[in-house]
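> pasting the sequence and the predicted coordinates here, then a few questions.
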Amino acid sequence: NAGVTQTPKFQVLKTGQSMTLQCAQDMNHEYMSWYRQDPGMGLRLIHYSVGAGITDQGEVPNGYNVSRSTTEDFPLRLLSAAPSQTSVYFCASRQRGGRAVQYFGPGTRLLVL
Amino acid sequence: GEDVEQSLFLSVREGDSSVINCTYTDSSSTYLYWYKQEPGAGLQLLTYIFSNMDMKQDQRLTVLLNKKDKHLSLRIADTQTGDSAIYFCAESIGLTGGGNKLTFGTGTQLKVEL
């Protein structure tokens, strides 16, 4: 198993540009999530999905869209990038259940100029 | 409400024990976790504890949970330079629509000096 994969690893955008961060998992996990990590703020939940076709907002959803058309993929879209979205983005997946281990991807480092 | 707090920095000498502390506010947490993040990498699960347990030991790691005070700690015995990383505690909280989400602390940067 490849686990959770993310592309790209690093991206530079200009303000106003759009892009999609890709996330895929091959563990047949129902739950997938997107977090952003900023210095001194830990990880904050952007959006999550409890299964194909179901998505919901986390703590900081503004400026981001998601969709979950398949179990494997959970892309994160930035519609109009802003400097405040400069961050490291982590995708994660896990099985249903409170004890389930959450697996993280390696992260995408995004710089918005 | 949900809020998880950690001290930002801890420095220890190689061979000493490290104790990383965490406080949380949501009493409905079912599981509490410790994750490790090495530079430039994602988060790796170290260990977890169920909320009805007081202690869990796993090789060099000891987790202590004081549910009354909502305090969680991670002790690393015989700390090595390879333990230098950021350590996150996280609590599992039920969601209104079903399922659970993890709320993470701010992370504690552990520096191990020779």
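Thanks, I have the structure now.
> contacts, neighbours, all on C-alpha from now
Fine.
> residue of chain B closest to chain A, please.
residue B:106 (3.7 Å; Cα to the nearest Cα).
> three-state assignment of that residue?
coil (DSSP: H, G, I helix; E, B strand; the rest coil).
> what pLDDT does residue 22 get?
Answering for chain A, as no chain was given. Listed pLDDT for residue A:22 reads 98.
> let's do chain B instead
Note for residue B:22: predicted pLDDT of 95.
> and it, its phi and psi?
The phi/psi pair for residue B:22 (degrees, to the nearest 10) reads phi -150, psi 140.
> bridged to it, which residues?
Residue B:22 has the following beta-bridge partners by DSSP bridges: residue B:6, residue B:72.
> one more: residue B:113?
As for beta bridges, residue B:113 partners with residue B:13 under DSSP bridges.
> can you list the residues of chain A near chain B?
A:40-45, A:50, A:90, A:96-99, A:101-107 (Cα under 8 Å from any Cα of the partner chain).
> how about the contacts made by residue B:83?
Applying Cα atoms under 8 Å, 6 or more residues apart in numbering or on different chains, we find residue B:83 in contact with B:110-112.
> put the alpha carbons of stretch A:42-60 into CSV.
In CSV, the C-alpha atoms belonging to stretch A:42-60 read as follows (Å, rounded to 0.1, in the frame of the first residue of the first chain):
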residue,chain,number,x,y,z
GLY,A,42,-1.1,23.3,15.4
LEU,A,43,-3.3,21.6,12.8
ARG,A,44,-6.7,23.1,11.9
LEU,A,45,-9.4,21.1,10.1
ILE,A,46,-10.4,22.7,6.8
HIS,A,47,-12.9,20.1,5.4
TYR,A,48,-13.6,16.5,6.0
SER,A,49,-15.6,13.6,4.4
VAL,A,50,-17.1,10.6,6.1
GLY,A,51,-17.7,8.8,2.8
ALA,A,52,-18.0,9.1,-1.0
GLY,A,53,-20.4,11.9,-1.8
ILE,A,54,-20.4,13.3,1.7
THR,A,55,-18.4,16.4,2.7
ASP,A,56,-18.6,18.9,5.5
GLN,A,57,-16.8,22.0,6.8
GLY,A,58,-14.2,22.0,9.5
GLU,A,59,-12.9,24.9,11.5
VAL,A,60,-11.4,27.0,8.7
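> so what touches that stretch?
Under the criterion Cα under 8 Å, 6+ apart, residues A:30-37, A:61, A:64-71, A:96, B:88, B:99, B:103-107 lie in contact with stretch A:42-60.
> and the longest strand along chain B, C-alpha only, in CSV?
Secondary structure of chain B per DSSP state E: the longest strand is strand B:85-94. What follows is strand B:85-94, C-alpha atoms only, in CSV (Å, rounded to 0.1, in the frame of the first residue of the first chain):
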residue,chain,number,x,y,z
ALA,B,85,10.7,16.4,16.7
ILE,B,86,7.4,18.2,17.3
TYR,B,87,4.9,16.2,19.4
PHE,B,88,1.2,16.8,19.0
CYS,B,89,-1.5,15.6,21.4
ALA,B,90,-5.0,15.2,19.9
GLU,B,91,-8.4,14.3,21.2
SER,B,92,-11.2,12.5,19.4
ILE,B,93,-14.5,14.3,19.5
GLY,B,94,-17.9,13.1,18.2
